[in-house]
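K.L.:
Next comes the sequence, and after it the predicted model I'd like to discuss.
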Amino acid sequence: MLFDKLRQIEERSQELARALADPAIFGQPERYARLRKEHADTVEIVERFTAYRDVLRKLGEARHILDEGGDRELMELAQAEIEELTARQSALDAELKRLLVPRDPNDDKNVFLEIRAGAGGDEAALFASELARMYAKYAERQRWKVEVMDASPTAQGGLKEAILFVQGRGAWSRLKFERGVHRVQRVPVTESSGRIHTSTVTVAVLIEAEDVDVRIDDRDINVDVYRSSGPGGQGVNTTDSAVRITHKPTGLVVTCQDERSQIKNRAKAMRVLKARLLERAQDEQAAAIAADRRSQVGTGERSERIRTYNFPQTRVTDHRIGLTVHRLPQVLEGDLDEIVEALAAAEQAERLEKVES
């Protein structure tokens, strides 16, 4: 099965090479760019496949020498070569399988992180604030840029909800695993009896939509402006700069009050609306393919509890892969690599399984 796929890729690569060598293609810049990218994606696979077949040929020759018998020294050399070539074959086999796993085309896209307090009242809002800080710290470690698109703080210092825009190479590839319900177990500061409470925070991760992905007709939206709200103090805006955009065909509503400028708030709200419409379109497409389709890791549903942060035991458990780490303080400081890499490995293994089937 794998050989058939590899031969097809090799044939396609040769076909692309011939097309790119045709002088006429230089008059078609868009087609040239598309074919060049497709050819570049096949080059490494073809190189490894050529090396793999070369190893198989040499293995056959060495085994033939061993089967024939004869000179003892020659047979020892053949045996040593077989062992070396077998190890090389195994390494190339694993590498080819990895290369055949389709890459998520969105991996390098920027994302919006939507963090919302769930069950648990003030405690959930406080944990939402901690998660927002955790992601900002993680982004800093990855050298990504973070922009607050909108935030609804509480008087206790928590967040009812917040939208962060994360910009940087590989943002989606690593943050996509954060989608779902995050559960926290701890004794709230307001709890006098020392009883552990369980609260939840929902995290949604949306791909930034490009203009070519989503187009919005001005006739399909209502734009309302109003005065920004907040917990009080000198920072409260006294002008009608907050913006609420309603997308009439879908009923989606986006608000933004982070900036003092109505124009800036509207621009930010439109970016969030486009991201939500893109996600909606992708979800509908996935549902049309299979209503019960599971995502690459877990179910991908936002109602699913994906992770628990247990403060008394200083542990973090990711329920999708059964991973537990006893480094809760470090995780909340943005040290998410161990968890993210384990989730990425699980996704890769599942995709590889599909390639082999």
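P.N.:
Right, received. Where do you want to start?
K.L.:
alpha carbons only for contacts and neighbour counts from here, please
P.N.:
OK.
K.L.:
can you map out the helices along the stretch 1-150 of the chain?
P.N.:
Assigned by DSSP state H, counting those that start in this stretch, the helices in the stretch 1-150 of the chain fall at 2-21, 29-68, 72-100, 122-142.
K.L.:
can I get those in JSON lines with distance to Asn265 and mean pLDDT?
P.N.:
Formatted as JSON lines, the helices of the stretch 1-150 of the chain follow (distance: least, CA to CA, whole Å; pLDDT from 0 to 100):
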{"stretch": "helix 2-21", "distance to Asn265": "46", "mean pLDDT": "90"}
{"stretch": "helix 29-68", "distance to Asn265": "36", "mean pLDDT": "90"}
{"stretch": "helix 72-100", "distance to Asn265": "43", "mean pLDDT": "88"}
{"stretch": "helix 122-142", "distance to Asn265": "20", "mean pLDDT": "95"}
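K.L.:
just these: most buried one?
P.N.:
For the helices of the stretch 1-150 of the chain, the largest average neighbour count (mean count of other CA atoms under 10 Å) is found in helix 122-142, namely a mean of 21.
K.L.:
Packing partners of that one?
P.N.:
With contacts taken as 3 or more CA pairs under 8 Å, 6 or more residues apart in numbering; DSSP states H and E, helix 122-142 sits against strand 111-117, strand 145-153, strand 159-167, strand 197-207, helix 328-332.
K.L.:
any idea of the angle that helix forms with strand 159-167?
P.N.:
Inter-element angle recorded for helix 122-142 and strand 159-167: 10 degrees (by axes from the mean of the first three to the mean of the last three CA atoms, to 10 degrees).
K.L.:
how far off strand 197-207 does helix 122-142 point, in degrees?
P.N.:
Counting by the same axes, to 10 degrees, helix 122-142 lies at 40 degrees to strand 197-207.
K.L.:
Can you convert the helices of the stretch 1-150 of the chain into JSON lines and add a column each for distance to Asp217?
P.N.:
Shown next, in JSON lines, are those (distance: least, CA to CA, whole Å):
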{"stretch": "helix 2-21", "distance to Asp217": "39"}
{"stretch": "helix 29-68", "distance to Asp217": "28"}
{"stretch": "helix 72-100", "distance to Asp217": "40"}
{"stretch": "helix 122-142", "distance to Asp217": "32"}
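K.L.:
so which of these gets nearest Arg227?
P.N.:
Nearest to Arg227 among the helices of the stretch 1-150 of the chain is helix 122-142; the distance by CA to CA comes to 22.7 Å.
K.L.:
The closest residue in space to Glu178 that isn't next to it in sequence: neighbour count?
P.N.:
Spatial nearest neighbour of Glu178, excluding adjacent residues (CA to CA, 6 or more residues apart in numbering): Val203 at 6.6 Å. Using other CA atoms under 10 Å as the criterion, Val203 is surrounded by 25 other residues.
K.L.:
picking that back up, single out the most deeply packed of the helices and strands packed on helix 122-142.
P.N.:
Sorting these by mean neighbours (by mean count of other CA under 10 Å), the first place falls to strand 111-117, with a mean of 26.
K.L.:
Which strands border that strand, and is each parallel or antiparallel?
P.N.:
Strand pairing for strand 111-117, using DSSP bridges, gives strand 159-167 (antiparallel), strand 197-207 (antiparallel).
K.L.:
All the strands of the stretch 201-350 of the chain, residue numbers only.
P.N.:
221-226, 242-247, 252-256, 305-310, 315-318, 323-325 (DSSP state E, counting those that start in this stretch).
K.L.:
who does the fifth one touch, helix- and strand-wise?
P.N.:
The contact analysis (3+ CA pairs under 8 Å, 6+ apart) places strand 315-318 against strand 305-310, strand 323-325.
K.L.:
Give the rounded mean pLDDT of the shortest one.
P.N.:
It refers to strand 323-325. Model confidence over strand 323-325, given as mean pLDDT, is 96.
K.L.:
Show me what that strand is packed up against.
P.N.:
So strand 323-325, by 3+ CA pairs under 8 Å, 6+ apart, packs with strand 315-318.
K.L.:
give me the beta-bridge partners of the residue nearest to Ile207 when sequence neighbours are not counted?
P.N.:
Distance criterion CA to CA, 6+ apart; nearest residue to Ile207, sequence neighbours excluded, is Val111 at 4.5 Å. Beta-bridge partners for Val111, by DSSP bridges, are Val166, Ile207.
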